[in-house]
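Student: I would like to see how this sequence folds:
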Amino acid sequence: MQVGSIVRSVHIAVPAGARGIVMRILGDMAMVAWYAGEPGTSLQLNTEPFFLEDLIDTGECVRPAGAPLH
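Tutor: Below is the predicted model:
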């Protein structure tokens with residue numbers, strides 16, 4: 001998983017069907033911008049920190065605007 005990875009989660013704080021973009025990774029946590037469906041084409045819900053173990057990497061990756069290079 002890296003900055004820009006598109007993720008899903010089964011965590012209770014994430015609505016079913018939501019997908020997120022990893023904006024920053026700090027140790028064992030990631031800041032994730034969540035979207036109601038497909039990132040960029042659906043409503044952005046919120047941005048929250050999540051443990052990496054609670055995230056499911058979809059294998060897709062985008063370069064989010066404003067994301068740090070490292």
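
Student: Just checking: what are the partner strands of the host helix or strand of residue 32?
Tutor: Applying DSSP states H and E as the criterion places residue 32 in strand 29-35. Its sheet considered, strand 29-35 pairs with strand 19-26 (antiparallel), strand 44-51 (antiparallel) by DSSP bridges.

Student: Let me have the ones you listed in TSV, adding mean neighbour count, distance to residue 1 and mean pLDDT as columns.
Tutor: For every residue, glycine as well, the C-beta is placed using N, CA and C. Listed next are the strands paired with strand 29-35 as TSV, based on neighbours: other CB atoms under 10 Å; distance: least, CB to CB, whole Å; pLDDT from 0 to 100:
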stretch	mean neighbour count	distance to residue 1	mean pLDDT
strand 19-26	19	6	94
strand 44-51	14	11	92
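
Student: Same list, those strands, but as TSV with distance to residue 3 please.
Tutor: Below are these laid out as TSV (distance: least, CB to CB, whole Å):
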stretch	distance to residue 3
strand 19-26	6
strand 44-51	13
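
Student: closest one to residue 37 among the ones you listed?
Tutor: Among the strands paired with strand 29-35, the nearest to residue 37 by CB to CB is strand 19-26 (6.7 Å).

Student: Noted, bye for now.
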